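Visitor: got a structure for you, letters missing:
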């Protein structure tokens, strides 16, 4: 499957270089020239990997790194002209997976991207049985329990839960969930999705006013948490 690569970079020459290299390597580039728009694209399109410049025109790239790492474990490679050891250590401590200094060798950068993607593929193959606190779901056998008590999910509820669990810790936008579960975006302002989420909470949450599993990100979507 073609990998989606989000590039947050404001240098037109580097953007052109990366677009050609990524497409040549059968990857699909998604470009943002500012940090805020890059975060927005990340939330809406869920890229497989992020290439991040630190010297952005609106907010510092370290802030972008911090915000994205707080909600996602997607691989992040910093590609920056800042080459000091202090900058590299700070970026890696903030959660970057790799750091490439400009000017860079495009072949080496592509190799580093492939390494990050291979690690992700190896580490994110979910078991068919998911357990968190009192919740247990067997996605292969379509069974779910709270403690020892069976709970019944409809087929759509199972698909929603599978999507949330597979992306646990990540914010999934309303549109993304609609596209993945129903295969298309609806025109009812996501009311159907809200009804399904309310029903899921009634089935798995001890207190629906203080959910432990499915958290609403107001105006954005939903996130499954384990802590």
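Guide: Cool, got the structure. Just so it is clear, the model here is predicted, and its values are computed rather than measured. Numbers count the residues shown, from 1 in each chain.
Visitor: make it CA atoms for all contacts and neighbour counts henceforth
Guide: Will do.
Visitor: quick one, domains of the chain?
Guide: Domain assignment for the chain by automatic domain parsing gives 3-123, 129-224.
Visitor: Name the SS class of residue 198, please.
Guide: helix (DSSP: H, G, I helix; E, B strand; the rest coil).
Visitor: now the one 4 residues further on
Guide: The local conformation at residue 202, judged by three-state DSSP, is helix.
Visitor: How many residues are close by it?
Guide: For residue 202, the count of nearby residues is 14 (other CA atoms under 10 Å).
Visitor: Do I have it right that it meets residue 209?
Guide: No: using CA atoms under 8 Å, residue 202 is not in contact with residue 209; the gap is 10.0 Å.
Visitor: which residues are common contacts for these two?
Guide: Common contact partners of residue 202 and residue 209 (CA atoms under 8 Å, 6 or more residues apart in numbering): none.
Visitor: Residue ranges in the chain under the pLDDT threshold?
Guide: 121-127, 184-187, 227 (pLDDT under 70).
Visitor: for it, which helix is longest?
Guide: In terms of residue count, the longest helix belonging to the chain (DSSP state H) is helix 106-123.
Visitor: which strands and helices sit next to that one?
Guide: helix 12-24 (3 or more CA pairs under 8 Å, 6 or more residues apart in numbering; DSSP states H and E).
Visitor: Next, the buried residues of the helix it packs on.
Guide: 15, 18, 19, 21, 22 (16 or more other CA atoms under 10 Å).
Visitor: and the angle for that helix with helix 106-123?
Guide: Orientation note: helix 12-24 sits at an angle of 50 degrees relative to helix 106-123 (axes from the mean of the first three to the mean of the last three CA atoms, to 10 degrees).
Visitor: Direction included, what does the next helix or strand after helix 12-24 pair up with?
Guide: Later in the chain than helix 12-24, the nearest helix or strand by DSSP states H and E is strand 27-32. Strand 27-32 pairs in its sheet with strand 3-8 (parallel), by DSSP bridges.
Visitor: Buried ones in the strand it pairs with, by neighbour count?
Guide: For strand 3-8, by 16+ other CA under 10 Å, it's 4, 5, 6, 7, 8.
Visitor: what's the closest of the residues you listed to residue 112?
Guide: Distances from residue 112 to the buried residues of strand 3-8, taken as CA to CA, are shortest for residue 5 (12.9 Å).
Visitor: Next one: that closest one relative to residue 116, how far apart?
Guide: 12 Å (CA to CA, to the nearest Å).
Visitor: now do residue 42
Guide: Using CA to CA, we find residue 42 at a distance of 17 Å from residue 116.
Visitor: and the two? which has more neighbours close in?
Guide: The neighbour count for residue 42 versus residue 116, taken as other CA under 10 Å, is higher for residue 42 (23 against 18).
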